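Peer 1: return a 3D structure for these sequence lines:
(chains A and B)
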Protein chains: 2
Amino acid sequence: METELSKKLGVEHAIFGFTPFPAVAAAITRAGGFGVLGAVRYTAPDDLKRDLDWMQEHTGGKPYGLDVVMPAKKAVDGVSEADIEAMIPAGHREFVRDTLAKHHVPELAEGEASGWRITGWMEQVARSQLDVAFDYPIKLLANALGSPPADVIARAHDHGVLVAALAGSAKHARRHAEAGIDIVVAQGYEAGGHTGDIATMVLVPEITEAVAPLPVLAAGGIGSGEQIAAGLALGAQGAWLGSLWLTTTEADLHSRALTEKLLAAGSGDTVRSRALTGKPARQLRTEWTDAWDDPDGPGALPMPLQGLLVAEAVSRIQKYEVQPLLGTPVGQIVGRMNSERSVQAVFDDLTGGFERAIDRVNRIAGRA
Amino acid sequence: METELSKKLGVEHAIFGFTPFPAVAAAITRAGGFGVLGAVRYTAPDDLKRDLDWMQEHTGGKPYGLDVVMPAKKAVDGVSEADIEAMIPAGHREFVRDTLAKHHVPELAEGEASGWRITGWMEQVARSQLDVAFDYPIKLLANALGSPPADVIARAHDHGVLVAALAGSAKHARRHAEAGIDIVVAQGYEAGGHTGDIATMVLVPEITEAVAPLPVLAAGGIGSGEQIAAGLALGAQGAWLGSLWLTTTEADLHSRALTEKLLAAGSGDTVRSRALTGKPARQLRTEWTDAWDDPDGPGALPMPLQGLLVAEAVSRIQKYEVQPLLGTPVGQIVGRMNSERSVQAVFDDLTGGFERAIDRVNRIAGRA
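Peer 2: As a prediction, this is how the structure comes out:
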């Protein structure tokens, strides 16, 4: 499965696997795909350094990338996390407390840090990640939230690193192209995480045309080789898969109950909700998302307030595995994630399914 | 573009075109596809008879089908349209009057009938349509709303007519299969008209597996040969296209302003709203859909009340081409409907684009 882009990056298959787990990212790269490590959970640069050292040792010289969440709009200088925390209305804090109390969610232990942090989207945190990352031979820097700032793009290019950015609309993609990025990830409505309203089937050709000749990756709803073939037929130069890896044996969700929930969920069990970050992100539908999406509730705050508001609560829900509230970002493809397998086994299914899909469309086209 | 199903139906290309316009349906059939005439607008059986006579004369013996909207649940015997009208709350009628008044929508002339009727979804109306239809050599009967009643399926089979039903979820599709239908149209979130929340990319493989070995058609977001190739790669035995034909020269929307609106609309200009029928249906987003979707408004009534409530209003909006309120069911593919062309020209684009997509995926698969 070879495209201009896969050749440029030196990978055997044009399959891009996004994951927050180094063991998964490395296994994707070893299998012949392109592993992309999500950095949003790293608050301390040393933690990222440790995991990139590990990636180096476990990818055998094959290429991989890093995904950060960096807003293009500059935060006001000197605004700290504490300043942003202070903007959160008391009523919203009360709603968090009440919702947790209703479900008897225990407190964290005295002095125990909130394990679930997504402060990586704050520019200063993302920049400290990059200071670490450019010491490693990463081949791709992806940004999940708008185009990266111009100096970051320039710095990546100086290091010979290609820059990718996610887009949910052609307009958004055109802005990325104008900013000088190299690859657009066209992320459809059905995708896990931050996503717009346009479905992958419509979005991929629209963005491909809008940013030509820049290469586009198809994202959203892709969890089989048949779906990869569909994405490539739509004009993409590769497929970008995130959700599918969550139930691989290498993934480390830190919660058996959450893994079980993913394995049991159907394609209709996700919702695009602002509950987690303040921007619409697809995730498992839970009583937690229902509470935030309830028109009679206070509603989610804008990014980055919502993420800061709920960080400790989400840690508690995950630590104590409070079933009705337990969720995670995941796409509609969760309906097909029904068994735990190794990354290699999943990867073999993808390439096998792709070949079968090509056989199939060739028969239909009378070329068999 | 030949599948088992296209061979069974005797068509050259596995492209199914749904349209309310006989001239479009006939042109699709003549071009080598399978034209499906939507019957929901026909209230009088004689009107349907007239148009099926016309279809016979203009399809040169090539196959075509009919689409009805027949609920599987039986209406209570003896309940008339007037009885149903009486269930509509006065506040909702007032909201219709106020919304029309706010936009200065003129009244219909004295004695002028509401041209826009969708009473075809009432079982007695759909049954009278079938009494007409089975006198013609239709090859397919499609039902847009659940499985048709068992006796209708039996009657179709007695006439050698295949029965198709639309589904927005695997569960829904399984029910159709159990009811004895022959083909499932897997209609994704991005489709125009009644649709669920699961996108085509995820829905088609899910339904294909759920109802195997029944053939599945991919619907939703399909308006190019590349998208047809994607649908087929996902396991479908053909593509079902509806929106795309609305801007063909053979289509007769009775409103130049509406055609212009469709040509100008982007993929983000539709909304899945209950405004038109009481069930979520994708359509152009207008101030009319906004009014019904407004959480501070009265909200849409359930089907069939909403359709009866708004029928006259929609006629007035369309007749007087009241711009801010003027809409129509259409899918996200509307963003790519940017010129008026003949059905034949559109069809040639579909088959040409399909061949290009097959060339492309073959190159990627190293089979070129």
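Peer 1: I figured A:Phe21 hits A:Trp245, correct?
Peer 2: Yes - with contact defined as Cβ atoms under 8 Å, A:Phe21 reaches A:Trp245; the gap is 7.4 Å. For the C-beta atoms, the positions are set from N, CA and C on the backbone; glycine is no exception.
Peer 1: more neighbours, the two?
Peer 2: Between A:Phe21 and A:Trp245, counted using other Cβ atoms under 10 Å in any protein chain shown, the more crowded position is A:Trp245 (24 against 21).
Peer 1: mind listing what that one touches?
Peer 2: Residues near A:Trp245 by Cβ atoms under 8 Å, 6 or more residues apart in numbering or on different chains: A:17-19, A:21, A:24, A:28, A:251, A:343, A:346.
Peer 1: try it again at 7 Å.
Peer 2: Residues in contact with A:Trp245 (Cβ atoms under 7 Å, 6 or more residues apart in numbering or on different chains) are A:17, A:19, A:24, A:251, A:343.
Peer 1: same check on A:His159?
Peer 2: A:Phe134.
Peer 1: distance of it relative to A:Ala26?
Peer 2: Taking Cβ to Cβ, to the nearest Å as the measure, A:His159 falls 21 Å from A:Ala26.
Peer 1: mind checking how far the residue nearest to A:Thr286 when sequence neighbours are not counted is from A:Leu232?
Peer 2: Residue nearest to A:Thr286 in three dimensions, not counting chain neighbours: A:Gly327, with 4.2 Å by Cβ to Cβ, 6 or more residues apart in numbering or on different chains. From A:Gly327 over to A:Leu232 the distance is 31 Å, taken as Cβ to Cβ.
Peer 1: and the two? Which one has more around it.
Peer 2: The neighbour comparison of A:Gly327 against A:Leu232 (other Cβ under 10 Å) goes to A:Leu232, with 30 against 26.
Peer 1: part of a strand, is the more buried one?
Peer 2: No - read with DSSP: H, G, I helix; E, B strand; the rest coil, A:Leu232 is helix and lies in no strand.
Peer 1: can you tell me the SS state at A:Leu37?
Peer 2: A:Leu37 - assigned by three-state DSSP - is strand.
Peer 1: quick one, helices of chain A?
Peer 2: A:4-9, A:22-30, A:45-58, A:81-85, A:90-102, A:123-133, A:150-158, A:170-179, A:200-211, A:225-233, A:256-264, A:287-293, A:305-319, A:343-364 (DSSP state H).
Peer 1: which of these sits most buried?
Peer 2: By mean neighbour count, with neighbours taken as mean count of other Cβ atoms under 10 Å in any protein chain shown, helix A:225-233 ranks first of those at a mean of 30.
Peer 1: which secondary structure elements does that one sit against?
Peer 2: Judged by 3 or more Cβ pairs under 7 Å, 6 or more residues apart in numbering or on different chains; DSSP states H and E, helix A:225-233 is in contact with helix A:343-364, helix B:200-211, helix B:225-233, helix B:343-364.
Peer 1: distance to B:Leu262 for those - can I get that in a markdown table?
Peer 2: Listed next are those as a markdown table, based on distance: least, Cβ to Cβ, whole Å:
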| stretch | distance to B:Leu262 |
| --- | --- |
| helix A:343-364 | 30 |
| helix B:200-211 | 20 |
| helix B:225-233 | 18 |
| helix B:343-364 | 14 |
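Peer 1: out of these, the one nearest B:Arg174 is which?
Peer 2: Among the helices and strands packed on helix A:225-233, helix B:200-211 comes nearest to B:Arg174, with 5.3 Å by Cβ to Cβ.
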